[in-house]
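Participant: Structural data only, the sequence is not supplied:
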């Protein structure tokens, strides 16, 4: 990892160089100010998530509890310790933006880093807790729970 960034910009889970770390994302949200501009930015981030394989759009990869369709897969990348790469997609543009936030927070991290990430603090700093509908918050919680469960399982297998 370079400097104090959460991600090496060359390995960002988003193809855009606009926001490659959670602190940069928070800074951008704060600079935008109002929810309408933040929501537009979130939707723009959704366009930047990596293409999701059509073959992975199966029921086993679907995240339940989401209002829209969400698919999520992970891959353990070898290393010492191994890291977890995450791919996800949705048929909703706002949810694709939320996926972009989750990818910035979690993808490319070790299982331990994922489990120790205070995602609720990140959501609070971005204002997502107060701006999203309860159905969207529930869906977001479902995605977080799925990622954390996969990380906990991976940590148990690699310890």
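Facilitator: Right, received. Where do you want to start? Note that the coordinates shown come from a computational prediction; the quantities given were computed from them, not determined experimentally.
Participant: Sketch out the strands for this protein, chain order is fine.
Facilitator: 70-77, 83-90, 109-110 (DSSP state E).
Participant: Tell me which strands the shortest one pairs with, and in which orientation.
Facilitator: Sheet pairing here is set by DSSP bridges, and for strand 109-110 it gives strand 83-90 (antiparallel).
Participant: Spit out the contact partners of the residue lying closest to residue 112 once chain neighbours are set aside.
Facilitator: Here the nearest residue to residue 112 in space, its sequence neighbours aside, is residue 155; by C-beta to C-beta, 6 or more residues apart in numbering that works out to 6.2 Å. From N, CA and C alone the C-beta is placed, and that goes for glycine too. Residue 155 sits next to 111-112, 115 when contact means C-beta atoms under 8 Å, 6 or more residues apart in numbering.
Participant: how many neighbours does residue 41 have?
Facilitator: For residue 41, the neighbour count with other C-beta atoms under 10 Å is 18.
Participant: Show the contacting residues for it.
Facilitator: Counted by C-beta under 8 Å, 6+ apart, residue 41 has contacts 28-29, 32, 97.
Participant: how about low-confidence regions in this protein?
Facilitator: 1-19, 158-159 (pLDDT under 70).
Participant: Regarding it, what is its longest helix?
Facilitator: helix 134-157 (DSSP state H).
Participant: follow-up on the earlier one: could I get the contacts of residue 155 as TSV with distance to residue 45 and neighbour count?
Facilitator: As requested, the contacts of residue 155 are arranged in TSV below (distance: C-beta to C-beta, whole Å; neighbours: other C-beta atoms under 10 Å):
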residue	distance to residue 45	neighbour count
111	25	23
112	26	15
115	24	14
